[in-house]
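Colleague: based on what follows, work out the 3D shape:
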Amino acid sequence: MSDDTESPPGIEAGFAALEQRLLDADRRAASLHAAIRKGLRAAREGSAGALPDALAQSRRHVGDVAAALELVAEVPVPDVAAAFRDGSFTAELKTQAEARGVRLVEREGRISAFPVIVRLEPRSQAVRFGRKLERRVRPSFLANLLHAVQQRPDRFQARALLDRLFTAYRPLAAAIEPGWRAESGAGPLVPLIDLHAALTILPVAAADYPVEEFAGDLLRLDRAPDSTTGEGHRFAFAAATGTKGRKRLTVFDEQGGQHEYFAIRFSPEPNDGNSDRRGPAAR
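Modeller: Sure, this is the predicted structure:
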């Protein structure tokens with residue numbers, strides 16, 4: 001015995017169907033409003049001959065609007081929470097994003113489209129779009145937002161980030177290598193996850209600067225290898241072989257390429273071309 005139960009439409013199709021029927025209702029409502037204004041003008045000016053026709057048009061359009069709203073009510077509101085749970089929402093979002101040239105990467109419950117991390121929140125039927133809770137979740141709408149973010153000029157300031165990192169780096173480096181001083185030479189490798197912990201020691205700071213955003217800033221910094229701190233210190237990221245067992249920070253770029261960051265060191269010497277700025281996995 002075959003199952004004739006019709007599956008509900010997808011999230012995108014469901015919202016599209018509602019949009020079309022609401023557009024029709026909106027057009028009919030506009031006609032109603034025009035008829036009412038016609039009657040209002042006739043009453044205001046005393047046009048006794050025009051008034052009955054305007055009122056008749058208004059009553060007719062009321063029926064049209066009511067019929068259009070009945071058709072709207074026949075379309076179920078998409079079950080966003082269910083689509084979050086069964087994975088269909090992510091699949092639709094990927095399809096819509098790819099149509100706009102945006103590459104999505106799904107890994108460990110996170111969806112990234114550099115520089116944005118998207119998290120699904122089924123309880124509130126919303127998505128965490130970077131730091132913002134976004135309740136507008138139609139896949140095509142979110143894909144447009146992601147595309148707009150990627151097209152926006154990057155205002156990243158490498159020196160400002162390096163100054164913050166170097167401030168947190170100095171006491172950690174001195175604890176690892178007691179004899180090291182900022183002006184004495186290349187410092188020891190300090191795990192980046194420890195630097196993030198130092199930068200976000202207060203709970204509110206951790207919420208304002210999540211580790212995923214930190215990893216994204218490291219990728220931006222990686223793209224500006226000649227940047228220095230305000231004091232002239234250069235940086236170098238560790239190669240993978242030098243950080244076995246350390247927790248990695250992973251970020252995916254616009255094309256879905258994976259970059260991993262482990263540790264960093266600072267040096268007052270200018271880069272001679274031999275410092276290891278990036279490990280193979282971070283390229």
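
Colleague: how about residue 95, nearest residue that isn't a chain neighbour?
Modeller: Nearest residue to residue 95 in three dimensions, chain neighbours excluded: residue 139, at 7.4 Å (C-beta to C-beta, 6 or more residues apart in numbering). Placement of C-beta: from N, CA and C, glycine included.

Colleague: can you count the residues close to the one you found?
Modeller: 23 (other C-beta atoms under 10 Å).

Colleague: who does whatever helix or strand residue 264 lives in touch, helix- and strand-wise?
Modeller: Using DSSP states H and E, residue 264 maps to strand 263-267. Applying 3 or more C-beta pairs under 8 Å, 6 or more residues apart in numbering; DSSP states H and E, we find strand 263-267 packed against helix 158-176, strand 190-191, helix 192-199, strand 234-237.

Colleague: tell me the strands beside the second one, with direction?
Modeller: Spelled out, that is strand 190-191. Sheet pairing of strand 190-191 (DSSP bridges) gives strand 263-267 (antiparallel).

Colleague: what angle separates the partner strand from helix 192-199?
Modeller: Put simply, strand 263-267 runs at 80 degrees to helix 192-199, going by axes from the mean of the first three to the mean of the last three C-alpha atoms, to 10 degrees.

Colleague: which residues touch residue 96?
Modeller: Taking C-beta atoms under 8 Å, 6 or more residues apart in numbering as the criterion, residue 96 is in contact with 12, 139-140, 142-143.

Colleague: among the helices and strands packed on strand 263-267, which comes closest to residue 48?
Modeller: helix 158-176 (73.4 Å; C-beta to C-beta).

Colleague: so where do the helices sit in the stretch 101-250 of the chain?
Modeller: 139-151, 158-176, 192-199, 203-208, 211-222 (DSSP state H, counting those that start in this stretch).

Colleague: tell me the domain ranges of this protein?
Modeller: Residue ranges for the domains of the chain, per automatic domain parsing: 11-73, 80-151, 158-282.

Colleague: quick revisit: would you list the helices of the stretch 101-250 of the chain in a markdown table and tack on distance to residue 93 and mean pLDDT?
Modeller: Converted to a markdown table, the helices of the stretch 101-250 of the chain look like this (distance: least, C-beta to C-beta, whole Å; pLDDT from 0 to 100):
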| stretch | distance to residue 93 | mean pLDDT |
| --- | --- | --- |
| helix 139-151 | 5 | 95 |
| helix 158-176 | 30 | 94 |
| helix 192-199 | 28 | 94 |
| helix 203-208 | 25 | 70 |
| helix 211-222 | 18 | 94 |
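
Colleague: can you redo those helices as JSON lines with distance to residue 56?
Modeller: Below are those laid out as JSON lines (distance: least, C-beta to C-beta, whole Å):
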{"stretch": "helix 139-151", "distance to residue 56": "40"}
{"stretch": "helix 158-176", "distance to residue 56": "68"}
{"stretch": "helix 192-199", "distance to residue 56": "70"}
{"stretch": "helix 203-208", "distance to residue 56": "61"}
{"stretch": "helix 211-222", "distance to residue 56": "61"}
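
Colleague: neighbours around residue 132, how many?
Modeller: Neighbours of residue 132 (other C-beta under 10 Å): 11.

Colleague: not counting residues beside it along the chain, what's closest to residue 194?
Modeller: Spatial nearest neighbour of residue 194, excluding adjacent residues (C-beta to C-beta, 6+ apart): residue 172 at 6.0 Å.

Colleague: tell me which element the nearest residue to residue 138 once chain neighbours are set aside falls in.
Modeller: Distance criterion C-beta to C-beta, 6+ apart; nearest residue to residue 138, sequence neighbours excluded, is residue 15 at 4.6 Å. According to DSSP H and E, residue 15 maps onto helix 11-45.

Colleague: so what does that helix touch, helix or strand wise?
Modeller: helix 51-73, helix 88-99, helix 139-151.

Colleague: for the first one, list every residue counted as buried.
Modeller: Put plainly, it is helix 51-73. Neighbour-count burial for helix 51-73 flags 51, 54-55, 57-58, 61, 64-65, 68 (criterion: 16 or more other C-beta atoms under 10 Å).
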